[in-house]
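# fold the following.
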Amino acid sequence: MQALSFTEKELFGGAITANVPSTWTDLSNIRQVPDNQECFIDMTGLATLIFELNERVEKENDEEAVKFHLSDIFEESPYKIWKSSRLEAGDAPLLNGIPAYAMIITTPYIENRRDRVGHESQFVALAVVIVRLEKQKTDIVITANMPHSLQEASDEPTICPPGYEAEKGFAEDYVWTPENAAQPLKNLLATIEQGAKTFNIHDFGLFVNEEEEEN
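The predicted structure is shown next:
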């Protein structure tokens, strides 16, 4: 698997722009995509990058709101969070201080797709960024998914399927870092990093504005 290159794409009619992998296909050219989503797919490996506009979740704090979105994404499926942090200004400079949170996650890979036979040792690695727009009553969820084949799963030394930490030799106090990651995970990290770093909202009229609604 080779490293990725990126191209700026217009999202939601140009109201937002962000970089996506150059060779990935706009899924709306293949099948219908919900109006609140922009989705790009790597047809060779079935990795995806999804930009989704959701109604803002009102919780006691951002952490609880993020947990709600994760429960919505994974429903009853098990998942493992390897890293969770608030993005620094340099990670998403065009957001101008809008709160955003990033996570690296794994979940079991159980579907049969092409040559990727469902097996408990396979997994999907995900990188999720949640952008919280208070005045616009919107949470933007950016999700990059990277399915790992049996070989890719065995070659990845820094993460594993949820529940296999002990078997794979990860200590209870293990702290994930991107060093030594295999190429599929590097591509996932590059995809979400480019998506977040270049994420630029040009037209806030795309969203509901709390002040305008009150007027």
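
# which residues in the chain form strands?
6-11, 16-21, 25-26, 37-41, 48-55, 80-86, 100-108, 123-133, 138-148, 200-201 (DSSP state E).

# where does the prediction get shaky in the chain?
Under the criterion pLDDT under 70, the flagged ranges of the chain are 110-121, 208-215.

# have a look at it and report its longest helix.
Longest helix in the chain, counting residues (DSSP state H): helix 183-197.

# on contacts alone, who are the packing partners of that one?
Other helices and strands packing on helix 183-197, by 3 or more C-beta pairs under 8 Å, 6 or more residues apart in numbering; DSSP states H and E, are strand 16-21, strand 48-55, strand 100-108, strand 123-133, strand 138-148. All C-beta spots, glycine's among them, are computed from the backbone N, C-alpha and C.

# TSV for those, including mean neighbour count and distance to Glu156?
Formatted as TSV, those follow (neighbours: other C-beta atoms under 10 Å; distance: least, C-beta to C-beta, whole Å):
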stretch	mean neighbour count	distance to Glu156
strand 16-21	21	19
strand 48-55	19	18
strand 100-108	21	9
strand 123-133	23	8
strand 138-148	23	6
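
# can you say which of those strands is nearest to Ile81?
Closest approach to Ile81 among these is made by strand 100-108 (5.4 Å; C-beta to C-beta).

# contacts for the closest one, please.
Contact partners of strand 100-108, identified using C-beta atoms under 8 Å, 6 or more residues apart in numbering, comprise 62, 66, 70, 74, 77-87, 91-92, 120, 122-132, 159-162, 176, 189, 192, 196.

# what's the answer for stretch 157-172, then?
Here stretch 157-172 has contacts from 78-80, 82, 104, 106-109, 120-123, 125, 153, 174, 176-182, 185, using C-beta under 8 Å, 6+ apart.

# in it, what's buried?
Neighbour counts using 16 or more other C-beta atoms under 10 Å place 158-162, 164-165, 168, 170 of stretch 157-172 among the buried residues.

# may I ask which two of those are separated the most?
Farthest-apart pair in the buried residues of stretch 157-172 is Thr158 and Pro162; separation 14.4 Å (C-beta to C-beta).
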